[in-house]
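Trainee: Okay, sequence plus prediction incoming.
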Amino acid sequence: MKKYKQIIVANWKMKLNVDEATALSAELKDMLAKEPLADKKVVLCPSFLAMHDVANILKNSEISLGAQDAFYEEEGAFTGEVSPASLKELGCDYIIVGHSERRAMGEVDELVGKKAQAVLANNMIPIICVGETLEEYEAGNAKEVLARQVSKTLENLDNKYFILAYEPVWAISTSGSGKTITAAEAIEQIKILKDSIPASLKDFDIVYGGSVKPDTVGDFSKDFKGALVGGASLKAQTFFDLIKNS
Ligand code: 13P
């Protein structure tokens with residue numbers, strides 16, 4: 001499963017309707033069929049609503065399907081939630097949990113940890129997001145915040161392969177800060193992330209997210225296993241170039 005050099009995950013957030021998501025998936029599938037990038041794993045995370053149609057397009061392709069979130073229960077009276085099992089049934093292999101945009105709506109480490117555990121229990125790979133806010137960064141608390149988020153979120157996880165995504169909230173293109181992190185600064189946080197992962201968990205990769213573009217992705221690819229991409233994944237040619245340059 002992990003023969004690739006880089007994993008590039010498109011997080012389409014709430015930005016594309018079903019027609020747009022299916023058209024973009026089909027375009028990317030064509031581009032990657034014409035010019036296969038065999039050492040890169042590409043994952044598309046559409047909205048829940050578009051997943052069924054995108055899953056059909058991605059059948060018989062090397063591109064994997066991902067989700068932007070999932071609940072931690074298997075089934076029951078949980079209005080509005082989506083179970084990991086139903087996503088698995090659809091052909092989903094990866095699920096983003098604890099994205100900062102969800103943490104900003106109230107998700108805490110414990111909840112994110114339960115979601116990650118449920119994803120693993122359903123034989124999918126969680127992409128577990130952590131990252132400090134601008135306020136925490138400017139106060140010089142980034143390391144402390146990351147250590148807490150990583151250790152608390154992962155404390156009850158089974159020892160199975162997972163992906164940790166470091167996304168400094170302030171470096172996300174839509175954060176409004178107007179700031180981006182330098183690769184050197186992001187790389188500096190890898191040690192604190194690794195040191196905070198419980199010792200029982202041995203099998204993981206760390207990817208970077210936050211304003212990654214085709215001309216910057218290469219700066220991160222030596223030290224990170226890949227990227228979690230928002231804005232630059234919304235146009236086929238831009239995303240294809242980013243994958244190529246990773
Ligand atoms: P941008 O690439 O638009 O900064 O978004 C990053 C992100 O939040 C991906 O999950």
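Mentor: Good, I have the coordinates.
Trainee: How about the contacts made by the residue lying closest to Y161 once chain neighbours are set aside?
Mentor: Nearest-residue entry for Y161: D203, 4.4 Å, with adjacent residues in sequence omitted and distances by CB to CB, 6 or more residues apart in numbering. The way it works is simple: take the backbone N, C-alpha and C, and place the C-beta from them, glycine included. Contact analysis of D203 by CB atoms under 8 Å, 6 or more residues apart in numbering lists 159-162.
Trainee: What about the residues you listed, which one has the most neighbours?
Mentor: Counting neighbours by other CB atoms under 10 Å, F162 comes out on top of these with 22 neighbours.
Trainee: if I pick that residue, what's in contact with it?
Mentor: Per CB under 8 Å, 6+ apart, neighbours of F162: 116, 120, 125-128, 154, 201, 203-204.
Trainee: Quick check on those residues: which are buried?
Mentor: 116, 120, 125-128, 154, 201, 204 (16 or more other CB atoms under 10 Å).
Trainee: Among the residues you listed, which are located in helices?
Mentor: Secondary structure defined by DSSP state H assigns 116, 120, 154 of these to helices.
Trainee: and the gap between the last one and the ligand?
Mentor: Okay, so that is L154. To the ligand, L154 is 19 Å away according to CB to the nearest ligand atom, to the nearest Å.
Trainee: And for the first one?
Mentor: Taking CB to the nearest ligand atom as the measure, A116 falls 16 Å from the ligand.
Trainee: where does S246 sit relative to the ligand, distance-wise?
Mentor: 13 Å.
Trainee: just E74 next, same as before
Mentor: 26 Å.
Trainee: How far does stretch 238-246 sit from its chain's centre?
Mentor: Remark: stretch 238-246 is offset 16 Å from the chain centroid, using CA atoms, centre = their mean, to the nearest Å.
Trainee: cool, stretch 113-126 as well?
Mentor: Counting by CA atoms, centre = their mean, stretch 113-126 is centred 14 Å from the centre of its parent chain.
Trainee: Kind regards, and thank you for your time.
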